[in-house]
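Visitor: For reference, the sequence and a predicted model appear below.
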Amino acid sequence: MPEWLWSLKDLHDIPKNGLKVFSCFSCGGGSTMGYKLAGYEIIGNVEIDPQMMSLYRQNHNPKHPFLMPIQEFKLIPDNELPKELFELDILDGSPPCSVFSTSGKREEKWGAAHKFREGQAIQHLDDLFFDFLDVAEKLKPKVIIAENVKGLIIGTAKGFVKMIKDHFEKIGYQVQLFLLNSAAMGVPQKRERVFFIAFRKDLRLPKLQLSFNERPILYKEIRTGRGRPLSTDSLTYQRWLKRRPKDDNLGDITSRIEGKVKSFNSILVKDNKVLNTIASSSCFIRYDEPYFISDEDIIRSQTFPQDYNFLNADVQYVCGMSVPPVMMRKISSEVYKQWFTRIQ
């Protein structure tokens, strides 16, 4: 059975390594499941979104859940937090990063207040990485693993990366940056992400070596039943009918139909290609028939478990906001082999 085809119940059979992880910005628990697949114990999480916290509780039953902005969590007095949070092996986090995405005029969004959707507090998203590092300074875990978008290391955002690296140094951690593509890590999806991986300086560990080159998994290998059909009255359907250009982005086809490119975030999916990044807002349409891809296809491409309970939440939103579990499994397994075996 392929490793992307798994269930939460399979976690009971995975040998535990005795190491503890706490997750910030946990969303539905993509990274959490990756750590569990690698044998770690997840002892709690911080999440601002009530719906995502409901999903997290339902699927992961955390011992120490905190439903609040990270800015509030970091101010909780030490004596009011569980003792084991100060004995962490890994502090995990994926600070929301849409302001650094390569799509759109991203610089205009820097420094502004945002919220992803109703039910969330307004936050300055480009401050959240530093809030996360404030938590690291407070809890002093042995290792920190933080995931972010590729746009963080491109163009004018590089100055922000230097600030982050300097902050790691300031709080006593030695950090490395890795640009990783999930398609080379056993995930049926092209998803490039930046990972900041750091160890506490007193541990004196060697540099981490990460190199993945697994065979790409094509869409035809994960393809299941159909999703929703395209409405034959829609412009999307007309674009699909004129899908013969070599590119796979329907936005380009729009220019040939209407004389200009409009904002249209739909992707044609071909059997002999690896799926593009599953984003919370993209539309994926099958190349050979007028249907969106199915939720099951999205679950498989994100390597979420087959028995994950989405509690009526939008499957693509949850998956698009999450780290693919198999991707985090590969990373955290290497961290265990290269670092924690030396510490233990």
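Guide: Nice, I can see it.
Visitor: going forward, measure contacts between C-alpha atoms and count neighbours the same way
Guide: Noted.
Visitor: For the chain, which segments are assigned as helices?
Guide: 30-37, 50-60, 70-73, 128-139, 158-170, 235-241, 250-258, 295-301, 315-320, 325-335, 341-343 (DSSP state H).
Visitor: of all the ones you listed, which gets the most neighbours per residue?
Guide: Highest mean neighbour count of those: helix 30-37, a mean of 26 (counted as mean count of other C-alpha atoms under 10 Å).
Visitor: and it with helix 325-335, angle?
Guide: Angle of helix 30-37 versus helix 325-335, following axes from the mean of the first three to the mean of the last three C-alpha atoms, to 10 degrees, is 50 degrees.
Visitor: Now do helix 30-37: which elements does it pack against?
Guide: strand 41-47, helix 325-335 (3 or more C-alpha pairs under 8 Å, 6 or more residues apart in numbering; DSSP states H and E).
Visitor: can I get the ones you listed in JSON lines with mean pLDDT and distance to residue 155?
Guide: Converted to JSON lines, those look like this (pLDDT from 0 to 100; distance: least, C-alpha to C-alpha, whole Å):
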{"stretch": "strand 41-47", "mean pLDDT": "98", "distance to residue 155": "30"}
{"stretch": "helix 325-335", "mean pLDDT": "99", "distance to residue 155": "26"}
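Visitor: With distance to residue 190 added, can I get those in JSON lines?
Guide: Supplementary listing: the helices and strands packed on helix 30-37 in JSON lines, determined by distance: least, C-alpha to C-alpha, whole Å:
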{"stretch": "strand 41-47", "distance to residue 190": "26"}
{"stretch": "helix 325-335", "distance to residue 190": "11"}
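Visitor: Go through the helices of the chain and name the closest to residue 21.
Guide: helix 30-37 (7.9 Å; C-alpha to C-alpha).
Visitor: what residues does that closest one touch?
Guide: Contact with helix 30-37 is made by 11, 14, 21, 23, 26, 41-42, 92, 304, 319, 322-330, 332, as judged by C-alpha atoms under 8 Å, 6 or more residues apart in numbering.
Visitor: cool, stretch 292-299 as well?
Guide: Contacts of stretch 292-299 (C-alpha under 8 Å, 6+ apart): 222-230, 278, 283-286, 305-306, 315-316, 319.
Visitor: just to revisit the earlier point, of all the helices of the chain, which lies closest to residue 83?
Guide: So among the helices of the chain, helix 128-139 is nearest, using C-alpha to C-alpha, at 9.8 Å.
Visitor: any idea how far stretch 17-30 is from the chain center?
Guide: Relative to its chain's centre, stretch 17-30 lies at 12 Å (C-alpha atoms, centre = their mean, to the nearest Å).
Visitor: Start at 10, not 1
Guide: Let's use 10 as the start, then, which means that last one is stretch 26-39.
Visitor: Spatially nearest residue to residue 299 (excluding sequence neighbours)?
Guide: residue 239 (5.5 Å; C-alpha to C-alpha, 6 or more residues apart in numbering).
Visitor: Show me the strands in this structure, by range?
Guide: 29-33, 50-56, 73-76, 99-102, 122-123, 132-133, 152-158, 182-190, 201-209, 275-278, 292-295 (DSSP state E).
Visitor: Need the winner for burial among those strands.
Guide: Highest mean neighbour count among the strands of the chain (mean count of other C-alpha under 10 Å): strand 99-102, a mean of 26.
Visitor: Can you list the strands that it pairs with?
Guide: As defined by DSSP bridges, the strand partners of strand 99-102 come to strand 29-33 (parallel), strand 152-158 (parallel).
Visitor: what residues does the last one touch?
Guide: Right, the one you point to is strand 152-158. 98-107, 109-110, 145, 201-209.
Visitor: what mean pLDDT does it have?
Guide: For strand 152-158, mean pLDDT rounds to 97.
Visitor: Tell me what angle that strand forms with strand 182-190.
Guide: Following the same axes, to 10 degrees, one obtains 40 degrees for the angle between strand 152-158 and strand 182-190.
Visitor: can you give me the angle strand 152-158 makes with helix 137-148?
Guide: 170 degrees.
Visitor: Just the C-alpha atoms of strand 152-158, please, in PDB.
Guide: Output of strand 152-158 as PDB, limited to C-alpha atoms (Å, rounded to 0.1, in the frame of the first residue of the first chain):
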ATOM      1  CA  VAL A 152      14.500  21.900  18.300                       C
ATOM      2  CA  ILE A 153      12.300  24.300  16.300                       C
ATOM      3  CA  ILE A 154      10.700  23.500  13.000                       C
ATOM      4  CA  ALA A 155       8.800  26.200  11.200                       C
ATOM      5  CA  GLU A 156       7.200  26.000   7.700                       C
ATOM      6  CA  ASN A 157       6.500  28.900   5.400                       C
ATOM      7  CA  VAL A 158       5.900  29.800   1.700                       C
END
